[in-house]
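Trainee: How does the following fold in three dimensions:
(2 chains)
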2 protein chains.
Amino acid sequence: MRRWNGWGDEAIEYPLPEPALHFLQTRLGPAQTPEDARLSSVLEMAPNSRLPVHGLVTTDALERLRHARGQSLPDWIQLRAGMIDSWPDGVAYPSNREQVRLLLDFAQEIGARLIPYGGGTSVVGHINPLRGQAPVLTVDMSRMNRLLDLDPRSHLATFEAGVHGPQLESQLQERGFTLGHYPQSWEYSTLGGWIATRSSGQQSLYYGRIEQMLVGAELETPSGRLVLPPYPASAAGPDLRHLALGSEGRLGLITQATLRVRPLPAQEAFLGAFFRDWEGGMEAARNLAQEKLRLSMVRLSDPEETETTLALSGHTRLLGPLLRALRLLGYGPQRCLLIYGITTSPPDVSRVQRRAAEILRACGGLPVGSWPGRTWARSRFKAPYLRN
Amino acid sequence: MRRWNGWGDEAIEYPLPEPALHFLQTRLGPAQTPEDARLSSVLEMAPNSRLPVHGLVTTDALERLRHARGQSLPDWIQLRAGMIDSWPDGVAYPSNREQVRLLLDFAQEIGARLIPYGGGTSVVGHINPLRGQAPVLTVDMSRMNRLLDLDPRSHLATFEAGVHGPQLESQLQERGFTLGHYPQSWEYSTLGGWIATRSSGQQSLYYGRIEQMLVGAELETPSGRLVLPPYPASAAGPDLRHLALGSEGRLGLITQATLRVRPLPAQEAFLGAFFRDWEGGMEAARNLAQEKLRLSMVRLSDPEETETTLALSGHTRLLGPLLRALRLLGYGPQRCLLIYGITTSPPDVSRVQRRAAEILRACGGLPVGSWPGRTWARSRFKAPYLRN
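Mentor: Down below sits the predicted model:
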């Protein structure tokens, strides 16, 4: 069961490792945990729904609470303190675009505000109802999660827009393909949300951001269906796909989309290197990007994030000797960790790795092999659990 | 001096090679050349200008004729037959965006239509005045051709939008950079035109189409200046650059643009291969593209274009033996020529060439080395002269 007032599934815990706790206490002092509001008492605060009865809409208080807030820090504080001052008046789970159409028509008839809801992982308030006179209907797209079409020749896949990351990748990977779009919210965020927010992912350097993957889309808008047909490139006027991208629900509900997919990569590796300071790391990251080496990721941490990453890595026994060795080599308190990913097909990792190491060394970098990359890859979607 | 009724400079002739003439006569019968209208008699037909006097606007008949038509077949027929039924009423050559602003204000005051004019190479009527009540003012951007800024660290160049291909490349190349945007109209077409028409180039596979190069732009619009600031990527709403791209002059005049540029490539090669038929060539082209091999061009000709290319190649003495050898190997009348370009930096042509040859052979292709590619590269901008 997904947490109502935190990140992820209740069964998954990510307790703070001992060195990380020490690291935080050194900086912030000992923690005082405020008491969380209980679910039952928050539910009692639910205002009456202002929506008329509709067969597709539930006004159940728990459903409304679960769709009241996203995952920003203010959202969390409000949820855990039980201070929810605006609720959706109802929630609908359409199964197809005809039902989406019915819900849009219903909202127009009664003058309700309609909020398209994907995975509810927004950290900028997209899905929070505003207080006001008009009733608010939240449309949760999670039942529309099917692969509608896969063209293995042209490498195009069409999905319903409510599909979330793991559902999308498993449907593709069992057919030998991947989208390769990995925002940190990947476990919950949806295709429609990625499009509506112009999402980028951890390996966008190789797979492209969502705007480079999107080939076509369909939206249900207040004035009818908008079809953005799939085509590779066109010189016939402005590209309307770039209005849907980043539209944040204002144009309508994205019901399905056609995406460029790729055959599963032949090889993938995540590696790490240390720099003496931020400037050296920046220079290396720029050179890696400008040479258009076939990398899937370049992630440079500043000194503070580097220390946090090391503290969280869990390599408790190795950490002391490693840090001493780094210091001896001149990689002191200003050191920065750069993690880079290599994704190739056909197999070509070693050539790219050699060239990347040349570029890193030329900027004062110290390649340290795969352990920082492996650590990162293992916990790439775990960081949000830490916030619980 | 540029031809008033044909392509390119009057000093450049590209007569039809003998085998090509024979090839055409076999298919179409002997040619009958209609007599061209003389410039002086066409100029006599110029209607009176309906524009009030303005210091930035000339109403000279030759200027108006030179801006009356583009380069489509209907445009050419009208020019060479002297049947010009719509003329701009005046032409202006602004030197800066303040003058562009003055011209827009002037056009609004008097209710004139304004046509932004780059290189005048449109083949779809963009710059042809429509007949009608309103006077037509054509704004020729060719004086705005300067490099305004080059950031060698971030690889960004800002140009005035009236710069044409050779001016743009020479200003970049003397500083060690290239844009690499080569539409066939490159000798005359301008940056502003490339943006307004979403232009692609002969090596867009490597350098990207213009929409992938454009980082920022400024437009003078009827209601003021529109600044699209340069940024790499953003999730903050729709991307307005994609409205300017393909706007075809309807939003305003593009006055300057910031582009991603690249260091001059270390190595470049153009190679060729034959296929027994179109299907084999298609398969190979798709596989080359989907493997994302570092190619700058993949150009597949159907049997008819293949024969035309061979006939135009000028390799008169070699052609007979070559065609016999191809036939013996099973590459008969349905053969298709695929030309591919490899552009790499750092030097890496031979690795890419080996892998490309593997893919081509797997689809029944016969790599024949660099002569077809060299021939293509030598005449890549010459084909339009042939139409004269």
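Trainee: In the stretch 101-250 of chain A, what residue lies closest to chain B?
Mentor: A:His242 (3.5 Å; C-beta to the nearest C-beta). Every residue, glycine included, has its C-beta placed from N, CA and C.
Trainee: Next one: that residue from B:Met144, what distance?
Mentor: 27 Å (C-beta to C-beta, to the nearest Å).
Trainee: How confident was the prediction at the residue of the stretch 101-250 of chain A closest to chain B?
Mentor: With respect to pLDDT, A:His242 has a value of 92.
Trainee: just A:Val139 next, same as before
Mentor: pLDDT at A:Val139 comes out at 98.
Trainee: Could you confirm A:Glu220 falls within a strand?
Mentor: Yes: applying DSSP: H, G, I helix; E, B strand; the rest coil, one finds A:Glu220 inside a strand.
Trainee: That one: how many residues sit nearby?
Mentor: Using other C-beta atoms under 10 Å in any protein chain shown, A:Glu220 has 25 neighbouring residues.
Trainee: swap in A:Gly320?
Mentor: Neighbours around A:Gly320, by other C-beta under 10 Å: 11.
Trainee: Am I right that it is in a strand?
Mentor: No: with three-state DSSP as the criterion, A:Gly320 is assigned helix and is not in a strand.
Trainee: what's the distance between it and B:Leu240?
Mentor: Taken as C-beta to C-beta, the span from A:Gly320 to B:Leu240 is 52 Å.
Trainee: same check, this time on A:Leu253
Mentor: In terms of C-beta to C-beta, A:Leu253 sits 23 Å off from B:Leu240.
Trainee: And these two? Which one has more around it.
Mentor: Higher neighbour count among A:Leu253 and B:Leu240: A:Leu253, with 26 against 15, using other C-beta under 10 Å.
Trainee: Find me the pLDDT at the more buried one, would you?
Mentor: 98.
Trainee: Repeat that for A:Arg209.
Mentor: In this model, A:Arg209 carries a pLDDT of 95.
Trainee: what's the burial count for the residue nearest to it when sequence neighbours are not counted?
Mentor: Leaving aside its sequence neighbours, A:Arg209 sits nearest to A:Ser200 (C-beta to C-beta, 6 or more residues apart in numbering or on different chains; 4.3 Å). Per other C-beta under 10 Å, the neighbour tally for A:Ser200 reads 21.
Trainee: Next, A:Ser200: phi, psi?
Mentor: phi -120, psi 160 (degrees, to the nearest 10).
Trainee: check contacts around the nearest residue to A:Leu179 once chain neighbours are set aside.
Mentor: Distances taken as C-beta to C-beta, 6+ apart place A:Val261 nearest to A:Leu179, at 5.4 Å, with adjacent residues excluded. Taking C-beta atoms under 8 Å, 6 or more residues apart in numbering or on different chains, we find A:Val261 in contact with A:Leu150, A:His155, A:Leu156, A:Ala157, A:Leu172, A:Phe177, A:Thr178, A:Leu179.
Trainee: number of nearby residues for A:Ser86?
Mentor: Count around A:Ser86 with other C-beta under 10 Å applied: 14.
Trainee: which SSE is it in?
Mentor: Following DSSP states H and E, there is no helix or strand that holds A:Ser86.
Trainee: That one contacts A:Pro135, correct?
Mentor: No: here A:Ser86 lies out of contact with A:Pro135, judged by C-beta atoms under 8 Å, at a distance of 11.6 Å.
Trainee: if I look at those two, which residues touch both of them?
Mentor: Common neighbours of A:Ser86 and A:Pro135 (C-beta under 8 Å, 6+ apart) do not exist.
Trainee: measure the residue lying farthest from the centre of chain A to B:Leu310 for me?
Mentor: In chain A, the greatest distance from the average C-alpha position (C-alpha atoms, centre = their mean) is reached by A:Leu328, at 38.3 Å. From A:Leu328 across to B:Leu310, the span is 67 Å (C-beta to C-beta).
Trainee: Tell me if the residue of the stretch 101-250 of chain A closest to chain B really is in a strand.
Mentor: No: read with three-state DSSP, A:His242 is helix and lies in no strand.
Trainee: give the contact list for it.
Mentor: Contacts of A:His242 (C-beta under 8 Å, 6+ apart): A:Glu211, B:Pro238, B:Asp239, B:Arg241, B:His242, B:Leu243.
Trainee: Nearest to B:Asp75 among those?
Mentor: B:Leu243 (27.6 Å; C-beta to C-beta).
Trainee: For that closest one, grab the count of nearby residues.
Mentor: 20.
Trainee: What lies in contact with stretch A:160-171?
Mentor: A:118-119, A:140-148, A:159, A:178-179, A:181-183, A:185-192, A:195, A:217, A:253-257.
Trainee: Would you mind putting the CA coordinates of that stretch into CSV?
Mentor: Output in CSV follows, covering the C-alpha atoms of stretch A:160-171 (Å, rounded to 0.1, in the frame of the first residue of the first chain):
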residue,chain,number,x,y,z
GLU,A,160,-2.0,5.0,-22.7
ALA,A,161,-0.8,8.0,-20.8
GLY,A,162,-1.5,6.8,-17.2
VAL,A,163,1.2,4.1,-17.4
HIS,A,164,3.9,4.6,-14.8
GLY,A,165,7.6,3.9,-15.2
PRO,A,166,7.8,0.2,-14.1
GLN,A,167,4.7,-0.7,-16.0
LEU,A,168,6.0,0.9,-19.2
GLU,A,169,9.4,-0.6,-19.0
SER,A,170,8.2,-4.1,-18.2
GLN,A,171,5.8,-4.0,-21.2
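Trainee: Not including adjacent chain positions, what is the nearest residue to the residue of the stretch 101-250 of chain A closest to chain B?
Mentor: B:His242 (3.5 Å).
Trainee: what about A:Leu62, helix or strand, and which?
Mentor: With DSSP H and E as criterion, A:Leu62 is part of helix A:61-66.
Trainee: Run through who's touching that helix.
Mentor: By C-beta under 8 Å, 6+ apart, helix A:61-66 touches A:2, A:4, A:39, A:42-43, A:46, A:49, A:84, A:87-91, A:120, A:138.
Trainee: got it, and stretch A:123-136?
Mentor: Outside stretch A:123-136, the residues touching it (C-beta under 8 Å, 6+ apart) are A:49-51, A:67-75, A:85-90, A:110-115, A:117, A:120, A:138, A:196-197, A:248-249.
Trainee: Mind checking which of these land in helices?
Mentor: A:Leu73, A:Pro74, A:Asp75, A:Ile110, A:Ala196 (DSSP state H).
Trainee: Closest one of those residues to A:Val368?
Mentor: A:Leu73 (33.2 Å).
Trainee: And for whichever residue of the stretch 251-388 of chain A sits closest to chain B, the neighbour number?
Mentor: The stretch 251-388 of chain A approaches chain B most closely through A:Gln290 (6.1 Å), counting by C-beta to the nearest C-beta. Applying other C-beta under 10 Å, we find 16 residues neighbouring A:Gln290.
Trainee: what's the strand or helix carrying A:Gly281 packed up against?
Mentor: Assigned by DSSP H and E, A:Gly281 belongs to helix A:278-290. Counting contacts by 3 or more C-beta pairs under 8 Å, 6 or more residues apart in numbering or on different chains; DSSP states H and E, helix A:278-290 packs against strand A:267-275, strand A:295-300, strand A:336-344, helix A:349-362.
Trainee: Could you tell me which residues within stretch A:328-345 count as buried?
Mentor: Buried residues in stretch A:328-345, defined by neighbour count with 16 or more other C-beta atoms under 10 Å in any protein chain shown: A:Tyr331, A:Arg335, A:Cys336, A:Leu337, A:Leu338, A:Ile339, A:Tyr340, A:Gly341, A:Ile342, A:Thr343, A:Thr344, A:Ser345.
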